[in-house]
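Visitor: here is a sequence with its predicted model. Questions after.
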Amino acid sequence: MASKDEQALVMVMTVLHTPEIFDLKPFSILRARFDPVELAGLIGDFGLHINVKFESAPKGTRDGAAVAFYDSVEDALFVNFTDAFSISLQGLVIHEAVHALCDKNKAKMDIGTSESMAYIVQCHFQMLRAGWGAPRPGAGARDGKDPWDVVFAQGTEIAERLESGFETGELSAFSYQPMRKAVNLHPNYKDKISQPAIYNGFKRRTK
Ligand SMILES: [Zn+2]
């Protein structure tokens, strides 16, 4: 029987095999790039350069009782679940994988930029999986005003603009500023958005 850590690793790899990842659009925020092909390519790093641990992280991105957290100093992904059976749990894994990708690329960005990117990709991924007619991802009161929900409301709007081609390449201030503001409303990141995200590359190189 595989250990919980091994089951969590298989779960992450399964999510990274989702074909919709290739339907995501590349974009950048303040020149920090997101490339869906690179995201899919992270599958070769999980279990090798990135440890996956089944452990309840004290902080992290949540979906109900599920918590996921990427530690860029330890190069480790913590999850307290081993089966991403729902689209929102898959989205949680994708969100943290975006942080891992920024770490791999040693991206220079602050927490506001880092979380904006992760929420936009998470929302886009979930809409691609669920279908554009489905309810958008959300949290809390899901009213676009609740501090837990605004990141999803903004992230989904920008995902729609990327999907339609209204946004390409470098994200416009029209999209980015409200997204950054939404991150600053979120209880996890409030008043932390200008702190640098520590993306220093993977340390467990095998060659
Ligand atoms: Zn995050």
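Guide: Sure thing, it's come through.

Visitor: what sits against Gln177?
Guide: Contacts for Gln177 were tallied using C-beta atoms under 8 Å, 6 or more residues apart in numbering; there are none. All C-beta atoms are positioned from the backbone trio N, CA, C, and that covers glycine.

Visitor: what strand or helix carries it?
Guide: According to DSSP states H and E, Gln177 maps onto helix 173-185.

Visitor: may I see the buried residues of that helix?
Guide: Buried residues in helix 173-185, counted by 16 or more other C-beta atoms under 10 Å: 175-176, 179-180, 182-185.

Visitor: out of those, the closest to Thr61 would be?
Guide: In terms of C-beta to C-beta, no member of the buried residues of helix 173-185 lies closer to Thr61 than Val183, at 12.0 Å.

Visitor: how long is stretch 193-203 end to end?
Guide: With C-alpha to C-alpha, to the nearest Å as the measure, stretch 193-203 spans 26 Å from end to end.

Visitor: residues making contact with that stretch?
Guide: 45, 49-50, 72-73, 75, 99, 102-115, 180, 183-184.

Visitor: which SS state does the residue nearest to Asp83 when sequence neighbours are not counted fall under?
Guide: In this structure, Asp83 finds its nearest non-sequential neighbour in Met11, 6.2 Å apart by C-beta to C-beta, 6 or more residues apart in numbering. Here Met11 is helix, with the state taken from DSSP: H, G, I helix; E, B strand; the rest coil.

Visitor: just to revisit the earlier point, any chance of the buried residues of helix 173-185 in JSON lines, plus pLDDT and distance to the ion?
Guide: Below are the buried residues of helix 173-185 laid out as JSON lines (pLDDT from 0 to 100; distance: C-beta to the ion, whole Å):
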{"residue": "Ser175", "pLDDT": "98", "distance to the ion": "18"}
{"residue": "Tyr176", "pLDDT": "98", "distance to the ion": "16"}
{"residue": "Met179", "pLDDT": "98", "distance to the ion": "13"}
{"residue": "Arg180", "pLDDT": "98", "distance to the ion": "13"}
{"residue": "Ala182", "pLDDT": "98", "distance to the ion": "13"}
{"residue": "Val183", "pLDDT": "98", "distance to the ion": "9"}
{"residue": "Asn184", "pLDDT": "97", "distance to the ion": "14"}
{"residue": "Leu185", "pLDDT": "97", "distance to the ion": "15"}
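
Visitor: can those go into TSV with extra columns for distance to Lys4?
Guide: TSV is the format used below for those (distance: C-beta to C-beta, whole Å):
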residue	distance to Lys4
Ser175	39
Tyr176	38
Met179	35
Arg180	36
Ala182	34
Val183	31
Asn184	35
Leu185	34
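
Visitor: smallest gap between the protein and the ion, at which residue?
Guide: Residue nearest to the ion within the chain (C-beta to the ion): Ala118, separated by 4.4 Å.

Visitor: right, and the residue nearest to Asp83 touches Val79 too?
Guide: Yes: Met11 is within contact range of Val79, at 7.4 Å (criterion: C-beta atoms under 8 Å).

Visitor: buried residues, the helix of greatest length in the chain. List them.
Guide: If you go by DSSP state H, the chain has its longest helix at helix 111-130. Buried residues in helix 111-130, counted by 16+ other C-beta under 10 Å: 111-130.
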